[in-house]
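Trainee: Model the structure of this input:
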Amino acid sequence: MIGEVVGRLPPESTQQAVGYPSLFLLVALGALVPVLPTGAIVSSAAVVAFHQTAPLALLAVFVLAAGAAFTGDAALYWLGRRGVHSANGSRWLAALRDRAAPDRLEQAQEKLRTHRVSVLVLSRLVPAGRIPVMLACLLSDMRLGRFLRGDLPACLAWAATYQLIGILGGSLFARPWQGVLAAVALTLLMSAVPGAWRRVRRRHAA
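Mentor: Predicted coordinates:
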C-alpha cells in the first residue's frame, strides 16, 4: 500500500519524502556517533534542494540539519553526564575521551574557562573541535540546560555554513551530482586541513 502511494508521487516529492527523514536520521546519528561526515551530508542535501523547484526546500534542509545536530548533541551530552556522575563511568564518556586528543582537550578547557559558553559556537565550526569542547564541558560539570543554550546557536551556525557550501556547489554546476561531488570534496578538504596543519607544526617544533 505504501509502495503504491510512493510510486504515484512525482519524482521531486518522492525525493523529499525519502530524503528529509534520511537527512535528519543521518545527521542525528552522526552527532551521536561521530564517525559520519555530517557536514558533507548537509552540503549534498543543500545541492539537491538548490536544484529543486520547491520554494522551501532549502529552508527544510536547514531546519532539519540544525534540529538533527541539536538532537544528537543533546543525547550525547546527556549520556556523557550519566558517565561523569557514575562510579563506573560509561562507554559514551570513554568514547569521547578516546576521540579527544589530550592537547585538544587542554586547549578546549582553557577556552571554556576564558570564553565560557560562547566557545560552543566555534566548536562546531572548527573541524574536530566539537568533541574536545563537549568533553571539557562534561568535565567541568556544566548542566545540560546550560550546554543546550550554547549548543543551539552552534548548530544553527553549523547548518548554515554547510548549507552555503552546498548552495555554492549547486550554483557552479548545472547537474546536481556534479555539485554534490564538489560540495563533498570541499567539506572533506575543510576537515583535513586543520589536522594536516597541526602535524606540520609538530614536525617543525620537533
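Trainee: which ones are touching the residue most central in space within the chain?
Mentor: Per CA atoms, centre = their mean, the C-alpha nearest to the average position across the chain is that of Thr38, at 5.0 Å. Contacts for Thr38 (CB atoms under 8 Å, 6 or more residues apart in numbering) come out as Leu26, Val27, Gly30, Ala31, Ala69. In this view, the C-beta of every residue, glycine as well, is placed from N, C-alpha and C.
Trainee: now do Thr187
Mentor: Pro37, Gly39, Ala40, Ser43, Tyr162, Ile165.
Trainee: For the chain, give me the ranges with low pLDDT.
Mentor: 1-18, 53-54, 87-89, 173-174, 176-177, 190-206 (pLDDT under 70).
Trainee: Would you map the strands across this protein?
Mentor: Listed from the start of the chain, the chain has no strands (DSSP state E) to report.
Trainee: Helices of that one, residue ranges please.
Mentor: 2-8, 11-32, 38-50, 57-84, 91-99, 102-115, 119-125, 130-139, 144-172, 176-205 (DSSP state H).
Trainee: Pick the most deeply packed of those.
Mentor: helix 38-50 (a mean of 26; mean count of other CB atoms under 10 Å).
Trainee: State the distance from the nearest residue to Gln107 once chain neighbours are set aside to His115.
Mentor: Spatial nearest neighbour of Gln107, chain neighbours left out: Pro132 (7.2 Å); criterion: CB to CB, 6 or more residues apart in numbering. Counting by CB to CB, to the nearest Å, the gap from Pro132 to His115 is 14 Å.
Trainee: so who does Gly67 touch?
Mentor: Phe24, Cys155.
Trainee: Which residue is the nearest non-sequential neighbour of Trp158?
Mentor: Nearest one to Trp158, counting by CB to CB, 6+ apart, is Arg124 at 4.2 Å.
Trainee: and what of Ala182?
Mentor: Ala182 sits nearest to Gly169 (CB to CB, 6+ apart), 4.1 Å away.
Trainee: hang on, the earlier thing: save the contacts of Thr187 as TSV, and put in distance to Val184 too.
Mentor: Listed next are these as TSV, based on distance: CB to CB, whole Å:
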residue	distance to Val184
Pro37	8
Gly39	9
Ala40	5
Ser43	7
Tyr162	11
Ile165	9
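Trainee: picking that back up, if I pick the residue nearest to Gln107, what's in contact with it?
Mentor: Ala100, Ala101, Arg104, Leu105, Gln107, Ala108, Ser123.
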